[in-house]
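Participant: Please find the sequence and the predicted model below.
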Amino acid sequence: MRIHPAAAGHGVWIKRTDITIGDPLIAARWDNVEQTQLCTKLVNDLGAEVSTVEHVMAALAGCGVHNALIEVDGPEFPILDGSAVPFVRAILGAGVISLDVPVRAIRILAPVEFKTDQGWARFEPSDAPEMQFAIDFADKAIGKQSKSLNLSNGSFVRELCDSRTFCRNSDVETMRAAGLALGGTMENAVVVDGDQILSPGGLRHADEAVRHKMLDALGDMALAGAPIIGRYVGHRAGHALTNSLLRAMFANPKCFEVVTCDHDTAALLPGAGAHLDEVCAVA
């Protein structure tokens, strides 16, 4: 997989380099999301698809990259260690180019919410990009966790990017049967079984599970096509809920506006001020 810089206004696009017939380009956009049960999958009009885009999208958003072309030679992005930290290190290590064009962002003007029997997600007005998240799992190794974070000033790089995806031991075979995480091992996910952490080395954070849910949410929110200035509140939310929330937001133009960011506003966006030396230290 390679990430290339792109011009202002390009947005984020994915190119399947292994596709030689048809259209290999897929816009990383909320309305191209087809599957959200175990990961986020994007599909273009001719059926070209790519799965597990959320960690890369979170890394781009968390490093302040709004325009890029991602090349990948298969239908799924690499899972690597199950977090976004390898992508963050590569992006910040290569350097982020500042374009001489103001950043456009989506400002939340009024609350918008999407609910299911399992959970809910909501956007609320806020002067800064913020996130509140709560999870509640029966597995004692996870249980109830919650966290709030202002996403400005590179906090994603410091607080969230190294948190790995997690699953029950019984979920592993389900994912593989669905053709996902085929290279997955206990080295690139936190695998739990009741009150036991099966992955070698244990947790990177006591609340790694909720931090990873926040990482996923930022990646799924990045499919809006622009940074969101507002507060995301999620309760037992996942990929499907976040995508449904984006769809509800775009269906109600009164709850948001697209703004051209001045210097002070741009400085509040996720990724602004992020530095390589602030990346979470992972052995």
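Facilitator: The structure has been received and is ready for your questions.

Participant: Would you point out which residue is most central in this protein?
Facilitator: In the chain, the centroid-proximal residue (C-alpha atoms, centre = their mean) is residue 219; its distance is 1.5 Å.

Participant: I'd assumed that residue was in a helix, is it?
Facilitator: Yes. Remark: residue 219 belongs to a helix, assigned using DSSP: H, G, I helix; E, B strand; the rest coil.

Participant: Report the contact partners of it.
Facilitator: Residue 219 makes contact with 40, 53-59, 61, 84, according to C-beta atoms under 8 Å, 6 or more residues apart in numbering. To be clear about C-beta, it is placed using only N, CA and C from the backbone, and glycine gets the same treatment.

Participant: let's go with 6 Å and repeat that
Facilitator: Residue 219 is in contact with 54, 57-58, counting by C-beta atoms under 6 Å, 6 or more residues apart in numbering.

Participant: In helices, which of those residues appear?
Facilitator: Among the contacts of residue 219, DSSP state H puts 54, 57-58 in helices.

Participant: Would you mind checking which of those residues is nearest to residue 236?
Facilitator: Residue 236 lies nearest to residue 54 out of those, by C-beta to C-beta, at 17.1 Å.

Participant: Let me know the next secondary structure element after the worst-scoring helix or strand of the chain on mean pLDDT.
Facilitator: Here the helix or strand of the chain ranked lowest by mean pLDDT, DSSP states H and E is helix 169-177, holding a mean of 70. Using DSSP states H and E, the helix or strand that follows helix 169-177 towards the C-terminus is strand 190-193.

Participant: Quickly run through the sheet partners of the helix or strand following that next one, with directions.
Facilitator: Where DSSP H and E defines the elements, the next helix or strand beyond strand 190-193 is strand 196-197. As defined by DSSP bridges, the strand partners of strand 196-197 come to strand 190-193 (antiparallel).

Participant: which parts of the strand it pairs with are buried?
Facilitator: Buried residues in strand 190-193, counted by 16 or more other C-beta atoms under 10 Å: 190-192.

Participant: Please state the offset of that strand from the chain centre?
Facilitator: Put simply, strand 190-193 sits 21 Å off its chain's centre (C-alpha atoms, centre = their mean, to the nearest Å).

Participant: can you start the count at 71 instead of 1 from here on
Facilitator: Got it, the first residue is 71 from now on, which makes the last one we talked about strand 260-263.

Participant: which residues touch that strand?
Facilitator: For strand 260-263, contacts defined as C-beta under 6 Å, 6+ apart pick out 209, 211, 234, 236, 238-239, 268-269.

Participant: So which residues of the stretch 71-220 of the chain form helices?
Facilitator: Per DSSP state H, counting those that start in this stretch, the stretch 71-220 of the chain carries helices over the ranges 124-132, 155-164.

Participant: Check these for me and report the most buried one.
Facilitator: Most buried of the helices of the stretch 71-220 of the chain, by mean neighbour count (mean count of other C-beta atoms under 10 Å): helix 124-132, with a mean of 28.

Participant: Please name every helix or strand in contact with it.
Facilitator: In terms of contacts (3 or more C-beta pairs under 6 Å, 6 or more residues apart in numbering; DSSP states H and E), helix 124-132 is packed against helix 155-164, helix 278-291.

Participant: so how far is the longest one from its chain's centroid?
Facilitator: So that's helix 278-291. 6 Å.

Participant: Tell me the first helix or strand C-terminal of it.
Facilitator: As assigned by DSSP H and E, the chain's next helix or strand after helix 278-291 is strand 298-299.

Participant: After that following strand, heading C-terminal, what element do we hit next?
Facilitator: Following strand 298-299 in sequence, per DSSP H and E, is strand 301-305.

Participant: Using neighbour counts, pick out the buried residues of the helix or strand following that next one.
Facilitator: For strand 301-305, the following helix or strand on the C-terminal side (DSSP H and E) is helix 309-320. Residues of helix 309-320 classed as buried: 309-316, 318-320 (neighbour count, 16+ other C-beta under 10 Å).

Participant: How about stretch 94-108?
Facilitator: The neighbour-count check on stretch 94-108 (16+ other C-beta under 10 Å) flags 94, 96-100, 102-103, 105-106, 108 as buried.

Participant: How much space separates the closest residue in space to residue 169 that isn't next to it in sequence from residue 314?
Facilitator: Distances taken as C-beta to C-beta, 6 or more residues apart in numbering place residue 78 nearest to residue 169, at 4.5 Å, with adjacent residues excluded. Applying C-beta to C-beta, to the nearest Å, the value for residue 78 to residue 314 is 30 Å.
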